[in-house]
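Novice: Predicted structure and sequence below. I'll ask about it afterward.
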Amino acid sequence: MLLTNVFRRMMARSASSRGRAKASYQLARRARWFLPRLEILEDRTVLSTWTVTNPADSGDGSLRAAIANAQSGDQIVFDPSLHGQTITLTTGEVALTKSLDIEGPGADQLAVSGNHASRIFHINGGVTVTIAGLTITDGLAFGPPGQGGGGGAIFNIGSDLTLAHAVLSGNEARGLGPPNRNAGGGAINDFSGAALTVTDSLFTHNQAVGGDGVGSGFGGAIFNDASSLTVTDSAFIRNQVVGGSGTANAQGQSLGGGLDAVDNSFLTVSHTVFLGNEAIGTEGSSYVHGGGLYTNTSIATVMDSTFIGNRAIGGNGGSGNGRVGEAAGGGIANTDQAILFIDGSTFTDNQAIGGSDNTGGTSGIGLVGEADGGGLLNAGEATITNTSFEHNEAIGGSGNRGGTVYSRYGTAVGGGIATFQVQAHPATLTLDHVTLRGNRAIGGTGNAAGPFAGTGIGGGLASFVGTVYSDLVISSTATISNSTFADNEAVGGQGGAGGPGGDGLGGGMANLFGAVLTVSDSNLTNNRAIGGDGAGGGDGGRGSGGGLFNDGPSTYPYNLGDPTILTVLSSTITDNEAQGGTGPGGSSAGLGAGGGIASAGILTILGSSLSHNRALGDDGEGGANGGDGLGGGLYIAGGTASVLATAITHNRAIGGDGDSGSNGGNGLGGGVYVAAGTVLVVASEISYNQALGGLGDGDGTDGQGVGGGVYNLGTFLFDALTVIDHNHASDSYDDCFGC
């Protein structure tokens, strides 16, 4: 009928025009064979909006009722009368098993509380959920992360969750007794293929607390396990993980004060602030990793983000083997087989603090009260660009003891960054256009004697091989380019009763235990390596490698004898200082060796400049002799060194003054000091350097100043294109002793 009426109207209009009539006739002929078809449309169900009208836990108008009544795809909003109120759950968590959009009025306007009694939201079933504009607070979940445990505020299993403009505060995941002591995700547990996107949100004062015994905490704010995580424009403030209290041989752990991403998870963080997060091991616990963010066997990307005041704090008073009271990664811990990318970010005032009064390594290797990576620990693969690390600290614990084979007590490694290989997997670190400024590695005080006890290693960065669990050692490789290391310090701790002070190794960078470090097109300036003070008649510790320290063949049991390799290309090393520690009542103050570079391994320097660096022996105190200053620019303790097209100028080696009738220290090798090994110098300049002896006191003799340019006790070779002149020694051999 519809087509017939249309046809009649068209025929009537065409009566006055033959052309139009003809067209109508043709249309009519076509209409004879056209048959209309019925099209079946998809379901056009109208989605609903549900309004929460009261803050009750249940009943009409409550949030719980709105979620129960809503259909998948619906939106939930809140009546303006709820502004300034809190919805308190009293009958347990709210299950989200449908795709919903929950839109709050603003995190400052409305809160949902677990009342310190239950988790708040449990999301599962492969749904898609958005939660925005709410404060989610005071949630509590028990049990291990995964399988329904963890996630004090939100547990998300296999679903897509978007969290926007939200605050998650005061939530807690808590471990139970055996066998469920572990806890994960103080605020959120993202588990089993889930996807979590966080935008413009705040995580504060959330925590994951391991149960007593050997309980571990994972991810004070977020635990991300085999899932994907993207965080943008968000802040993490004072979240923490706490290992359970332990007894002898306790192995409780605290991992990831802010974020913990593990087991094939994918993590992206951008435009984010991490403030004051903590990973804390309790009394008798083992070790902690990642005050702000912890990644393991995962991929993480951090862009345009800020980490401020995060802390990893090792436990006190524990005992056992392996790692006891260790703290690693004040800002981020990137561990075994994990891949980390950082760009355009800043790390400031983060700390890794080793535990104290622990006993460890009683039947093997132990890292007891050690602190690794004040800003960042990398034990996987990390690429860092356009980023700064400023005023971060690794602080070794005090009063640690024990060990029968190989243990380090109260050692501080990498004030800004520590990178090392563990297990059988290589560690690689790449830095480009990175600044490390004002970071410190500070050895602990009063630790038992042992390898590197109380030593501060790598004020800015430390690279080393450090496997504990396997005798299959791969490597640790660090490559640094177009970067600046300034005002960093490696400081040895005070010795134990009657013992020497700890050493300070590598004010700017340190490379140890068979690691490979390459530095190119970079500047190292005003860094310091400072020996610790002796105690009760102990000598002062040595300060070695004000700019860079390169260790000799590895002394680590698993790769014993492997060479440690440092290559410096087209770089400037200036105004750095190596200074010995005080030895009150001891025989001598500590020596300072290698104001610019100290090496006992394989060293290559090409197209670079070492200038205005100083090696300073400390002044004697309590009747002690002054310490020696050796190698103002370059100190070679062994191995081989190749110096090519490089200027070593205006450096000084200065002995310390003696005290109360004691002798002054010697100043030897203002430019270069060779204690052992072989040095080859090609087409280079060694000039305007000074070697100055310290003053004796009373009947004490003055120290010697010998070899203003070079002091050689090993093998020193140089070609005809090398210039050694205009140097000065206070006693003899202005230019070269032993050449």
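Specialist: That came through fine.
Novice: contacts for stretch 102-115?
Specialist: Contact with stretch 102-115 is made by 63, 67, 75-78, 80, 82-90, 93, 120, 129-140, 152-153, 165-167, 171, 202, as judged by CB atoms under 8 Å, 6 or more residues apart in numbering. In this view, the C-beta of every residue, glycine as well, is placed from N, C-alpha and C.
Novice: Could you pull up the residues touching the residue most central in space within the chain?
Specialist: Nearest residue to the geometric centre of the chain (CA atoms, centre = their mean): residue 376, 1.4 Å. Contacts for residue 376 (CB under 8 Å, 6+ apart) come out as 329, 331-334, 347, 382, 384, 389, 414, 416-418.
Novice: Take those and keep only those in strands.
Specialist: 332-334, 347, 382, 384, 389, 417-418 (DSSP state E).
Novice: List the contacts of residue 158.
Specialist: 124-126, 191-194.
Novice: Next, format these as TSV and append secondary structure and distance to residue 689.
Specialist: Formatted as TSV, the contacts of residue 158 follow (DSSP: H, G, I helix; E, B strand; the rest coil; distance: CB to CB, whole Å):
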residue	secondary structure	distance to residue 689
124	coil	70
125	coil	73
126	coil	71
191	strand	62
192	coil	64
193	coil	63
194	coil	62
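Novice: Most neighbours among those, which one?
Specialist: residue 191 (29 neighbours; other CB atoms under 10 Å).
Novice: Would you quantify the distance from that residue to residue 202?
Specialist: Distance from residue 191 to residue 202, counting by CB to CB, to the nearest Å: 22 Å.
Novice: Residue 124 now?
Specialist: From residue 124 across to residue 202, the span is 25 Å (CB to CB).
Novice: Residue 432 now?
Specialist: With distances taken as CB to CB, residue 432 is found 31 Å from residue 202.
Novice: sorry, back to before: what's the per-residue pLDDT of the residue nearest to the centre of the chain here?
Specialist: Looking at residue 376, its pLDDT is 89.
Novice: Over to it: give its phi and psi.
Specialist: Dihedral pair for residue 376: phi -150, psi 130, per degrees, to the nearest 10.
Novice: The one 10 residues further on too?
Specialist: In this entry, residue 386 is assigned phi and psi values of phi 50, psi 50 (degrees, to the nearest 10).
Novice: okay, it: pLDDT?
Specialist: 96.
Novice: Now for it, how many residues are close by?
Specialist: Count around residue 386 with other CB under 10 Å applied: 15.
Novice: Thought residue 435 was touching it, still the case?
Specialist: No - the criterion here is CB atoms under 8 Å, and residue 386 misses it with residue 435 at 9.4 Å.
Novice: what's the burial count for residue 714?
Specialist: Residues lying near residue 714 (other CB under 10 Å) number 18.
Novice: ok, it - contacts?
Specialist: If you count contacts by CB under 8 Å, 6+ apart, residue 714 has them with 636, 638, 674-679.
Novice: Let me see the backbone angles for it.
Specialist: Taking degrees, to the nearest 10 as the convention, residue 714 sits at phi -110, psi -130.
Novice: quick one: it and residue 676, what's the gap?
Specialist: Relative to residue 676, and taking CB to CB, residue 714 is found at 5 Å.
Novice: Could you name every residue contacting both of the two?
Specialist: By CB under 8 Å, 6+ apart, residue 714 and residue 676 have these common neighbours: 636, 638.
Novice: what's the spacing between residue 457 and residue 71?
Specialist: 61 Å.
Novice: more neighbours, these two?
Specialist: Higher neighbour count among residue 457 and residue 71: residue 457, with 36 against 12, using other CB under 10 Å.
Novice: these two touch, right, the more buried one and residue 505?
Specialist: Yes - using CB under 8 Å, residue 457 is in contact with residue 505, at 4.9 Å.
Novice: anything in contact with each of those two?
Specialist: 490, 512, 549.
Novice: pLDDT-wise, what's the bottom of those residues?
Specialist: The pLDDT minimum for the shared contacts of residue 457 and residue 505 sits at residue 512, where the score is 95.
Novice: and it, bridged to which residues?
Specialist: Bridge pairing for residue 512 (DSSP bridges) gives the partners residue 464.
Novice: pretty sure it is touching residue 564, no?
Specialist: Yes - between residue 512 and residue 564 there is a contact at 6.2 Å, judged by CB under 8 Å.
Novice: Find residues that contact each of these two.
Specialist: 551, 554.
Novice: for stretch 630-643, the distance to its chain's centre please.
Specialist: Here stretch 630-643 is found 31 Å from its chain centre; the criterion is CA atoms, centre = their mean, to the nearest Å.
Novice: Give the rounded mean pLDDT of that stretch.
Specialist: On average, the pLDDT along stretch 630-643 is 98.
Novice: quick one: what helix or strand has the closest residue to residue 545 other than its chain neighbours in it?
Specialist: The shortest distance from residue 545 to any non-neighbouring residue, by CB to CB, 6 or more residues apart in numbering, is to residue 598 (3.7 Å). Using DSSP states H and E, residue 598 maps to strand 597-599.
Novice: How far away from the center of its chain is that strand?
Specialist: In this view, strand 597-599 has its centroid 26 Å away from the chain centroid, taken as CA atoms, centre = their mean.
Novice: try stretch 51-68
Specialist: Its chain's average C-alpha position is 44 Å from that of stretch 51-68, according to CA atoms, centre = their mean.
Novice: so what pLDDT did the residue nearest to residue 545 get?
Specialist: Value listed for residue 598 in the pLDDT field: 98.
Novice: Likewise for residue 459?
Specialist: Per-residue pLDDT puts residue 459 at 98.
Novice: got the contact list for it?
Specialist: 415-416, 439-441, 488-491, 506-508, 527-529.
Novice: of the residues you listed, closest to residue 231?
Specialist: Nearest to residue 231, judged by CB to CB, of the contacts of residue 459 is residue 416 at 22.8 Å.
Novice: Surely the closest one touches residue 436?
Specialist: Yes - counting by CB under 8 Å, residue 436 is a contact partner of residue 416 at 4.3 Å.
Novice: Next, show the common contact partners of the two.
Specialist: Common neighbours of residue 416 and residue 436 are listed as 389, 460-461, 488 (criterion: CB under 8 Å, 6+ apart).
Novice: Which members of those residues are positioned in strands?
Specialist: 389, 461.
Novice: could you dump the shared contacts of residue 416 and residue 436 to JSON lines with neighbour count and distance to residue 605?
Specialist: Converted to JSON lines, the shared contacts of residue 416 and residue 436 look like this (neighbours: other CB atoms under 10 Å; distance: CB to CB, whole Å):
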{"residue": "389", "neighbour count": "32", "distance to residue 605": "25"}
{"residue": "460", "neighbour count": "37", "distance to residue 605": "19"}
{"residue": "461", "neighbour count": "36", "distance to residue 605": "18"}
{"residue": "488", "neighbour count": "34", "distance to residue 605": "20"}
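Novice: and residue 66, backbone torsions?
Specialist: According to degrees, to the nearest 10, residue 66 has phi -60, psi -40.
Novice: Could you double-check that it sits in contact with residue 51?
Specialist: Yes - Residue 66 is within contact range of residue 51, at 7.4 Å (criterion: CB under 8 Å).
Novice: if I look at the nearest residue to residue 399 once chain neighbours are set aside, how far off is residue 491?
Specialist: Excluding the flanking residues, the one nearest residue 399 by CB to CB, 6+ apart is residue 357, at 4.7 Å. Residue 357 sits 21 Å away from residue 491, going by CB to CB.
Novice: The two: which has the busier surroundings?
Specialist: A side-by-side neighbour count of residue 357 and residue 491, using other CB under 10 Å, places residue 491 first with 31 against 19.
Novice: contacting residues for the more buried one?
Specialist: Taking CB under 8 Å, 6+ apart, we find residue 491 in contact with 412, 440-443, 456, 459, 504, 530, 532.
Novice: Alright, that wraps it up for me.
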